[in-house]
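> just need the structure, nothing else, for what follows:
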Amino acid sequence: MEDNIEISNLIWKSEYNIGNLKIDQEHQKLFSIARQTLSVVKLKNDNKEIGKIKELITELFIYVGSHFSNEEKYMQEVKYPEIKRHKILHKNILDMLTKLISELNNMELKDIEKSLYNFIEEYFIKHIILEDKKISLWNCSLEDLKHHSAWKEIYSVNNSIIDKEHKQLFDIAQEAFIPVEGKDKTKKIKAILTDLYDYMKIHFAHEEKFMSEINYPKLDEHKKLHKEIILKINEFVKQLPTMEINDFEKQLAKIIDISLIQHIIKEDKKIIIWEKANPPKK
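Here you go, the predicted model:
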């Protein structure tokens, strides 16, 4: 994590919405509390203020617990199949906050700031993007999935070459939601997955070459994420023979959301931000 922690980075984005008004409002409230807490930590220059910081982090802990309870109730209502695993993730997050609270008295303010930012960035935002979105996709109609899986300008990373290739990936995936009858549908699915898989590998190779050219410091980390996405698609292909068509479309939408949309929002944008902040020396 970078030493220069910017509160301005911790803002709610429309891309984080999961489509349930109550849950989305609670997520926004959590962002608000987290930002307030980090603001207090950054302003304090005296460890005597640990009490106030502990109070705010405790408030965050209580609200997180309340939110998780509401979210788990919602998962039960929609019969979300991964609820048990999701509850374990919730417990891990609460355990992490409990540990942070218990260690506050023995931590320097700079360490508190880093730990809190790390929690928000890696465990809170990441949880919403990678896990809570799955609930929304599970409860979507096929028409909503098609709309959800379309390219939107907010996904632009402001690099014409990368954006063009991202759009092409979305275009290929969108073909899966065009109605086709009978045996032709199975044939179409295989063709689309092949095209998506092949073009994704080409795009990843181009992106990795670009990262290498600009000396992007997180190249190895990003390449690892690319490999994980390719593995997910491989696993998806293996499950095809036993998968119902409707399940296929929902699973494909999940792959598009996590492997394309959220990867672009969470990771690819970091490349361009870094490039702009580190122009080549003349």
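> contacting residues for the residue positioned nearest the centre of the chain?
In the chain, the centroid-proximal residue (C-alpha atoms, centre = their mean) is Ile129; its distance is 2.9 Å. Neighbour list for Ile129: Glu15, Tyr16, Ile258, Gln262, Ile265, Lys266 [criterion: C-beta atoms under 8 Å, 6 or more residues apart in numbering]. Backbone N, C-alpha and C define where each C-beta goes, glycine included.
> redo that, cut-off 7 Å
Contacts were defined as C-beta atoms under 7 Å, 6 or more residues apart in numbering; by that measure Ile129 touches Tyr16, Gln262, Lys266.
> just the pLDDT for Ile202.
Here, the pLDDT recorded for Ile202 equals 93.
> now for it, how many residues are close by?
The number of residues packed near Ile202 is 12, by other C-beta atoms under 10 Å.
> could you find the closest non-adjacent residue to it?
Here the nearest residue to Ile202 in space, its sequence neighbours aside, is Glu165; by C-beta to C-beta, 6 or more residues apart in numbering that works out to 7.9 Å.
> can you redo the contacts of Ile129 as a markdown table with pLDDT?
Conversion of those to a markdown table gives the following (pLDDT from 0 to 100):
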| residue | pLDDT |
| --- | --- |
| Tyr16 | 76 |
| Gln262 | 75 |
| Lys266 | 76 |
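> now, those residues that are in helices?
Counting by DSSP state H, the members of the contacts of Ile129 that fall within helices are Gln262.
> now Ala176: how far from Glu208?
Computed as C-beta to C-beta, to the nearest Å, the Ala176 to Glu208 distance reads 26 Å.
> these two: who's more crowded?
Legend: neighbour count by other C-beta under 10 Å for Ala176 and Glu208, higher for Ala176 (22 against 16).
> give the helix, strand or coil label for the more buried one.
In the three-state summary, Ala176 is assigned as helix, counting by DSSP: H, G, I helix; E, B strand; the rest coil.
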